[in-house]
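Asks: okay, predicted coordinates and the sequence, questions at the end:
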Amino acid sequence: PRSANIILSGPGISSQTVTLNQEGATPVLNVSPSSENVSATTGSVTFNVSSNIDWALSENADWFTAVKSNSSTLTVTYDENISVIDRSATITLSGTSVNSQIITLNQTGAAPVLTVNPESRTVSSVSGTSSFTVSSNIIWTFSENISWLTAIKSDNTTLTISYEENISVDPRSANVTLSG
C-alpha cells in the first residue's frame with residue numbers, strides 16, 4: 001500500500017490535511033501451460049509466466065534444468081530418455097502472498113531397441129564358441145531348442161553360443177530367438 005498527504009491551506013484558516021491511502025494490486029502468479037508432454041529426445045520447452053511479483057522456482061528431477069529466462073518466461077531443457085519407461089516431474093513456481101503454481105513435465109520413453117551383431121555367423125564343423133553383441137534398452141531373454149548348441153546370456157550385451165562338432169557331411173543351422 002501507499003499513501004499521500006495533501007495539505008490544504010489558505011490565509012486566515014488553519015491547514016487541513018487529507019490522507020489518501022491506496023491498496024497495492026493483488027499479487028498474481030500464473031503459468032501457462034500447466035503441463036507439457038515431450039518426446040524421448042533431448043529438447044526444450046518454454047512456459048509463459050504472468051506475475052506482478054518476483055517469483056522463484058524449484059524442481060524435483062535431475063533429467064532437466066529449469067531456468068527463469070526473464071520475469072515472464074521459464075525455459076526447461078530436458079535430457080534424452082533412453083529408458084522405455086515414461087517419466088514425469090514437477091516444477092514449482094512460488095512467490096510472496098500467492099498460491100504456488102505447479103508445472104508437470106511428462107516425457108515419453110524411448111522406443112524399445114533390441115539388435116544383435118552380427119545377425120548370423122558361419123562357423124567350421126569343429127566344436128567351438130561364438131559371441132554376439134546385443135544392443136538393447138530393455139531386459140531381454142532368449143530361447144533355443146537345438147540339441148547341439150547351448151546359448152548363454154553372458155551379460156546384458158553378450159550372447160555366447162557353444163556348439164558341438166558336426167560329424168555329418170551335411171551343413172546345419174539353428175536359430176536363437178531374442179525377445180524382450
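Replies: Cool, got the structure. All figures in this text were calculated on a predicted structure; none of them were measured in a lab.

Asks: so what's the residue nearest the centre of the chain up against?
Replies: The centroid of the chain falls nearest to residue 107 when counting by Cα atoms, centre = their mean (4.8 Å). Applying Cβ atoms under 8 Å, 6 or more residues apart in numbering, we find residue 107 in contact with 37-40, 63, 78, 81, 86-88. Using the backbone N, CA and C atoms, a C-beta is placed for each residue, glycine as well.

Asks: run the chain-centre distance for stretch 39-50.
Replies: Mean-position distance between stretch 39-50 and its chain equals 11 Å (Cα atoms, centre = their mean, to the nearest Å).

Asks: stretch 153-163 now?
Replies: 32 Å.

Asks: next one: stretch 57-77
Replies: That offset, for stretch 57-77, works out to 13 Å (Cα atoms, centre = their mean).

Asks: what about that stretch, start to end distance?
Replies: Using Cα to Cα, to the nearest Å, the end-to-end distance of stretch 57-77 comes to 14 Å.

Asks: same deal with stretch 35-44?
Replies: End-to-end distance (Cα to Cα), stretch 35-44: 13 Å.

Asks: stretch 6-15 now?
Replies: Terminal-residue distance, stretch 6-15 (Cα to Cα): 10 Å.

Asks: neighbouring contacts of it?
Replies: For stretch 6-15, the external contacting residues (Cβ under 8 Å, 6+ apart) are 16-20.

Asks: JSON lines please, covering the contacts of residue 107 and showing neighbour count, secondary structure and distance to residue 127.
Replies: JSON lines is the format used below for the contacts of residue 107 (neighbours: other Cβ atoms under 10 Å; DSSP: H, G, I helix; E, B strand; the rest coil; distance: Cβ to Cβ, whole Å):
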{"residue": "37", "neighbour count": "13", "secondary structure": "strand", "distance to residue 127": "54"}
{"residue": "38", "neighbour count": "17", "secondary structure": "strand", "distance to residue 127": "52"}
{"residue": "39", "neighbour count": "12", "secondary structure": "coil", "distance to residue 127": "48"}
{"residue": "40", "neighbour count": "19", "secondary structure": "coil", "distance to residue 127": "44"}
{"residue": "63", "neighbour count": "13", "secondary structure": "coil", "distance to residue 127": "48"}
{"residue": "78", "neighbour count": "23", "secondary structure": "strand", "distance to residue 127": "51"}
{"residue": "81", "neighbour count": "20", "secondary structure": "coil", "distance to residue 127": "44"}
{"residue": "86", "neighbour count": "13", "secondary structure": "coil", "distance to residue 127": "46"}
{"residue": "87", "neighbour count": "16", "secondary structure": "strand", "distance to residue 127": "47"}
{"residue": "88", "neighbour count": "11", "secondary structure": "strand", "distance to residue 127": "52"}
